[in-house]
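S.K.: Prediction below, plus the sequence it came from.
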Amino acid sequence: MAEITRKRTGEFLRELFSILLSTQTGLPAREALHQLAARVTLSPYEADNYESGGRRFEKIVRFATVDCVKAGWLIKEKGTWSVTEEGRQALVEFPEPDAFYRRAVKLYAEWKASQPNSDASETVIGVLKPSDEISDELDTSAKAVSVTFDEAEEQAWSEISTYLRAMNPYEFQDLVADLLRAMSYHVSWVSPPGKDGGVDILAWPDPLGTRPPRIKVQVKRQQQAVSVEGLRSFMAVLGDDDVGLFVSTGGFTKDAEFEARTQEKRRITLINLDKLFDLWVEHYEKLTDHARRRLPLRPIRFLSPLT
C-alpha cells in the first residue's frame, strides 16, 4: 500500500505555511489547500479519494494541521488559517521538512499529555509509527473529530458570509440598526435610499437623545477593504462629542486600522464582518423576531474536539 512519510507531510506543511505567510490576514482553508495543490506535484495515491469521500491529499494536510494548531504555530478562525509568530520562527528554525513536522508532532504530544484525564501511556494520535508511516485509517482518531469540526465551521461561515455580502445594501443597513437596538442603543434615524452625507445610522445611549455621545454609523456592504482615505472621509463628519462606528463587509486595510487605533481626537470603532457576526450571535436573544429574520441562525450540536 502506498504511504505518506513524515518528510512528505512536512513538505506539504512548509509550503502551506509559505502560502499563508504571503498574505497579511491568512487565507480561507479551501483557498489555501487549492493553492497548495497547485504548487506541489501529487502522486496518484495523494490525488486519489477516500472511499468515505474527500481527496487524500487534503485529508493528510488537514490532519497534520491539527498538530500545528496545538503546537501554537497555526490559528484557525471561521475557516481562515493564519500562521503565528511561533509558526514563522519554526519555519526558519526547522528548514528540513522531516524535522519541521517532527517538532509539530512532539508539541502536539506534549499538549495531549497535559490535558486533564490524559493517559500518559496512551499512544498519541499523530505520532508516527517507527516505520515512518501515517495510517490510512484517519477517521477513527481524535484528529478526525477536529477536522470534522473545522470543515463544519468553514462551511457554515462560508454560507453566512456569502449571504451577508449578497444582502441588499439597505437591508444590511437595517440589520446593523437592529443589532444596535438589541445592544440597548436607541436608533433615532436610519438613512433612506439616496445621498446620506456620510452617515447611515444615528443612535444614542438614551431614548430622548439627551445624553452623549451621539453615535454616527457608516455601513459599507462591499468586497474591497476600506482604505485610510475612506476612513478619514467618515471621521470628517464626526463632531467632538460623537462616536463613530464604521461597519464594512470587506474589512479595513492595515493603514485604516492603524489610523483608527491611533486617533486622539476622534473616537471610532471599526467593525468587520467577523466582528459583526460575533455581535449578532452574542445579542441574538435580544433581537426582535423581525430582526432575526434578516439573519436567522440555528445552533447545531455535535461532538467538539479537545481544546
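M.R.: Looks like it arrived, so ask away. Residues are numbered from 1 along each chain as shown.
S.K.: Strands of this structure, residue ranges please.
M.R.: 27-28, 74-77, 80-83, 186-190, 201-204, 214-220, 242-248, 267-271 (DSSP state E).
S.K.: Check the gap between Tyr50 and Glu93 for me.
M.R.: Using CB to CB, to the nearest Å, Tyr50 is found at 33 Å from Glu93. The C-beta positions use only the backbone N, C-alpha and C, and glycine is treated the same way.
S.K.: The stretch 201-307 of the chain: helices as residue ranges?
M.R.: Listed in chain order, the helices of the stretch 201-307 of the chain (DSSP state H, counting those that start in this stretch) span 228-235, 254-261, 273-282, 289-292.
S.K.: Pro207 is nearest to which of the ones you listed?
M.R.: helix 289-292 (18.2 Å; CB to CB).
S.K.: May I see the buried residues of that closest one?
M.R.: Along helix 289-292, these residues count as buried under the neighbour rule (16 or more other CB atoms under 10 Å): Ala291.
S.K.: From the contact counts, what lies against it?
M.R.: helix 169-182 (3 or more CB pairs under 8 Å, 6 or more residues apart in numbering; DSSP states H and E).
S.K.: next one: the helix it packs on to chain centre, how far?
M.R.: 22 Å (CA atoms, centre = their mean, to the nearest Å).
S.K.: Could you pull up the mean pLDDT of that helix?
M.R.: On average, the pLDDT along helix 169-182 is 97.
S.K.: can you dump the C-alpha coordinates of that helix into PDB?
M.R.: Only the C-alpha atoms of helix 169-182 are listed here, as PDB (Å, rounded to 0.1, in the frame of the first residue of the first chain):
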ATOM      1  CA  PRO A 169     -27.300  47.300   1.000                       C
ATOM      2  CA  TYR A 170     -30.300  48.900   2.700                       C
ATOM      3  CA  GLU A 171     -31.400  45.600   4.200                       C
ATOM      4  CA  PHE A 172     -27.900  45.200   5.500                       C
ATOM      5  CA  GLN A 173     -28.100  48.700   6.900                       C
ATOM      6  CA  ASP A 174     -31.300  47.800   8.700                       C
ATOM      7  CA  LEU A 175     -29.600  44.700  10.100                       C
ATOM      8  CA  VAL A 176     -26.900  46.900  11.700                       C
ATOM      9  CA  ALA A 177     -29.600  49.200  13.100                       C
ATOM     10  CA  ASP A 178     -31.400  46.100  14.600                       C
ATOM     11  CA  LEU A 179     -28.200  45.000  16.200                       C
ATOM     12  CA  LEU A 180     -27.700  48.400  17.800                       C
ATOM     13  CA  ARG A 181     -31.200  48.200  19.300                       C
ATOM     14  CA  ALA A 182     -30.500  44.700  20.700                       C
END
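S.K.: which helices and strands sit right next to that helix?
M.R.: Looks like helix 169-182 contacts strand 186-190, strand 201-204, strand 214-220, helix 273-282, helix 289-292 (3+ CB pairs under 8 Å, 6+ apart).
S.K.: Buried deepest among the ones you listed, which one?
M.R.: strand 214-220 (a mean of 23; mean count of other CB atoms under 10 Å).
S.K.: I'd like the distance from that one to the chain centre, please.
M.R.: Using CA atoms, centre = their mean, the offset of strand 214-220 from its chain centre is 24 Å.
S.K.: Run the angle between it and strand 242-248 for me.
M.R.: 20 degrees (axes from the mean of the first three to the mean of the last three CA atoms, to 10 degrees).
S.K.: Show me what strand 214-220 is packed against.
M.R.: helix 169-182, strand 201-204, strand 242-248.
S.K.: what lines up beside the last one in the sheet?
M.R.: The reference is to strand 242-248. Paired with strand 242-248 in the same sheet, following DSSP bridges, are strand 214-220 (parallel), strand 267-271 (parallel).
S.K.: any chance of these in JSON lines, plus mean pLDDT and distance to Arg62?
M.R.: Shown next, in JSON lines, are the strands paired with strand 242-248 (pLDDT from 0 to 100; distance: least, CB to CB, whole Å):
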{"stretch": "strand 214-220", "mean pLDDT": "96", "distance to Arg62": "34"}
{"stretch": "strand 267-271", "mean pLDDT": "96", "distance to Arg62": "31"}
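S.K.: could I get those strands as a markdown table with distance to Lys195?
M.R.: Shown next, in a markdown table, are the strands paired with strand 242-248 (distance: least, CB to CB, whole Å):
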| stretch | distance to Lys195 |
| --- | --- |
| strand 214-220 | 13 |
| strand 267-271 | 22 |
